[in-house]
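**Student:** Next input, structure requested:
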Amino acid sequence: MKYQDNKIAVVIPAYRVKNKISQVLNSIQDFVSYVIVVDDCCPEESGTFIESQEYNSIQNLEVIFHEKNKGVGGAVVTGYKRALELGCDVVVKVDGDGQMNLDYLPKLIAPILAGEADYAKGNRFVDFKMLRKMPKIRLIGNSILSFVLKAVSGFWNIMDPTNGYTAISGAALNNINLEKLSERYFFESDMLINLNFQRCIVKDVPIPALYDDEESSLSITRTLFQFPFYLIKGFSKRIFLKYYIYDFNMASIYLIFGLPLWLWGLSFGIYQWWWHIDHNLLASAGTVMLAVLPLILGTQFLLQAIQIDIESSLNPPK
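**Tutor:** Okay, here's the model as predicted:
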């Protein structure tokens, strides 16, 4: 790869990573044009610590300070905006906790430099040795969330969608409304949703994670309560924009008829079942068909819409 022909930036959100950030910065290869660290109102003053150190392999290091904590997404967006101002061709997002192996950075950006993808992301679910080191609760949670986010984002051909080790082309980044992206832990998922209805090509890159003694600032309880809302909101936004604003195809038709039929069949069937049980009566064949037929038709229409959605991610536009 001719790295010298491209401006490559690495954006690092910094929050409670003072004991790891030097290790991360010292691992950045010298072909990286800019390193942008965003101190997200870090109580450890990671940004000030970084400015007091020297990193020989880094060409241009810039530290941006947030006066108020905006979350990982807000910090990355600040870094993205600065990278666009610098005219970068590829922007890589790396966490400051040392979990992301920067030896794989050339491999991560390769699909973008080759013009094969607009967005590349790490996939931890390919190295069984490293998976055994992943905390079990995190492994199970990521597996379940990965399947849900396939449907929400529309990228059915990827795995590990919450992986934060990512790279994006400057052109694709410029087309995304950065102000509307989620500022906290739904950020990576929200990026995928926006990339989908922008018809961007996303590729998985097998990259194992590194797990040591780092502490996560993610609140599991808070995330479990917040994520369902964000998932529903993100899914609704993607379907509306992709199938009713930017395009209108058979999936749009199937959804228009399928969802109301399915909801009617389900709600009417449950109500009639409860009413007849309560009155100790048998439902007539006509009543049963009024529930079953719309439910069957609605299910078939929705399955067809899902099939079209899957095919659109397996066969992205050239």
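**Student:** And what about Gly98, helix, strand or coil?
**Tutor:** coil (DSSP: H, G, I helix; E, B strand; the rest coil).
**Student:** how far out from the middle of the chain is stretch 147-158?
**Tutor:** 9 Å (Cα atoms, centre = their mean, to the nearest Å).
**Student:** Can I get it in CSV, CA atoms only?
**Tutor:** These are the backbone C-alpha positions of stretch 147-158, laid out as CSV (Å, rounded to 0.1, in the frame of the first residue of the first chain):
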residue,chain,number,x,y,z
PHE,A,147,-27.6,-10.8,15.8
VAL,A,148,-29.9,-8.1,16.9
LEU,A,149,-27.8,-5.4,15.3
LYS,A,150,-27.6,-7.3,12.0
ALA,A,151,-31.3,-6.6,11.7
VAL,A,152,-31.2,-3.1,13.1
SER,A,153,-28.3,-1.9,10.9
GLY,A,154,-29.2,-3.9,7.8
PHE,A,155,-25.6,-5.3,7.5
TRP,A,156,-26.5,-9.0,7.7
ASN,A,157,-23.1,-10.0,6.4
ILE,A,158,-21.0,-8.7,9.3
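**Student:** Which residues outside that stretch are in contact with it?
**Tutor:** 121, 123, 161-162, 189, 192-193, 195-197, 202-204, 231, 234-235, 238, 242, 306, 309-310, 312-314 (Cβ atoms under 8 Å, 6 or more residues apart in numbering). Where you see a C-beta, it was placed from the backbone N, CA and C, and this is true even at glycine.
**Student:** Now that stretch: buried residues?
**Tutor:** The neighbour-count check on stretch 147-158 (16 or more other Cβ atoms under 10 Å) flags 149-150, 152-155, 158 as buried.
**Student:** Show me which of those residues is closest to Tyr104.
**Tutor:** Taking Cβ to Cβ as the measure, Tyr104 lies nearest Ile158 of those, at 16.8 Å.
**Student:** Just the strands from the stretch 101-250 of the chain, written as ranges.
**Tutor:** Applying DSSP state E, counting those that start in this stretch to the stretch 101-250 of the chain gives strands spanning 119-123, 166-169, 202-206.
**Student:** Model confidence score at Ile232, please.
**Tutor:** Listed pLDDT for Ile232 reads 92.
**Student:** Next, count neighbours for it.
**Tutor:** 11 (other Cβ atoms under 10 Å).
**Student:** can you check Trp274 too?
**Tutor:** 10.
**Student:** Next up, identify which helix or strand it is on.
**Tutor:** In this structure, Trp274 sits in helix 250-278 according to DSSP states H and E.
**Student:** Remind me what that helix packs against, helices and strands.
**Tutor:** Other helices and strands packing on helix 250-278, by 3 or more Cβ pairs under 8 Å, 6 or more residues apart in numbering; DSSP states H and E, are helix 285-314.
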